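> Based on what follows, work out the 3D shape:
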Amino acid sequence: QVQLVESGGGLVQAGGSLRLSCAASGRTFSSNAMGWFRQAPGKEREFVAAISWSGSTFYADSVKGRFTVSRDNYKNTVYLQMTSLKPEDTAVYSCAADRTNWYSGDYSLRGTYEYWGQGTQVTVSS
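The predicted model follows:
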């Protein structure tokens, strides 16, 4: 059974940093795209960042230059380093994994991913 478990969320002041982790189990994802999405209260889930199977990275405009997505295939884990956090970054952050090996397409779409974690809360105070 595939599981994605996020960790690293918490409460941080504006301008601060957090590093989220997403550990996968049940299968390896070294040949698959991994993504991060977030959902703020009363809003739709939105794309944050993604990393392809080849290591290419993609970001939403709102986080470009502040967030960095990376992966460690040996640990079957993907990370989201978040810096210069703003109150509007407050949300539940979830990681997602694509089931299709060597997928190349639109990584910002929720439908690209078949596996989802439960999410971790990130709260940025002003």
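
> use CA for all of it now, contacts and neighbours both
Fine.

> so what's the residue lying closest to S84 once chain neighbours are set aside up against?
Closest residue to S84 apart from its sequence neighbours, by CA to CA, 6 or more residues apart in numbering: G15 at 4.2 Å. If you count contacts by CA atoms under 8 Å, 6 or more residues apart in numbering, G15 has them with T83, S84, L85, K86.

> The first one reaches A14, doesn't it?
No: T83 is beyond contact range of A14, at 9.4 Å (criterion: CA atoms under 8 Å).

> So which residue is dead centre in the chain?
Centroid check for the chain by CA atoms, centre = their mean gives W36 as the closest residue, at 2.1 Å.

> Bridged to it, which residues?
A49, C95 (DSSP bridges).

> how much space between the residue located most distally from the centre of the chain and G16?
Ranking residues of the chain by C-alpha distance from their mean position (CA atoms, centre = their mean) puts S126 at the top, at 23.0 Å. According to CA to CA, to the nearest Å, S126 stands 11 Å off from G16.

> Same question for A23.
Distance from A23 to G16, by CA to CA: 23 Å.

> got it, and Q3?
When Q3 is compared with G16 (using CA to CA), they lie 29 Å apart.

> With V122 instead?
Taken as CA to CA, the span from V122 to G16 is 12 Å.

> pLDDT at F58, what is it?
We have a pLDDT of 98 for F58.

> what's the answer for G105, then?
Note on G105: pLDDT of 88.

> Confirm it sits in a strand?
No: with DSSP: H, G, I helix; E, B strand; the rest coil as the criterion, G105 is assigned coil and is not in a strand.

> Run a quick neighbour tally on it.
10 (other CA atoms under 10 Å).

> now swap in Q121 and tell me
The burial count for Q121: 19, using other CA under 10 Å.

> Please apply the same query to the one 3 residues further on.
Counted with other CA under 10 Å, residues neighbouring V124 total 20.

> mind checking the SS state of it?
strand.

> List the residues that contact it.
With CA under 8 Å, 6+ apart, V124 has these contacts: L11, V12, Q13, A14, L85, K86, P87, E88, D89, T90.

> Tell me the predicted confidence for it.
Turning to V124, the model gives it a pLDDT of 98.

> what does W102 give?
Reported pLDDT for W102: 84.
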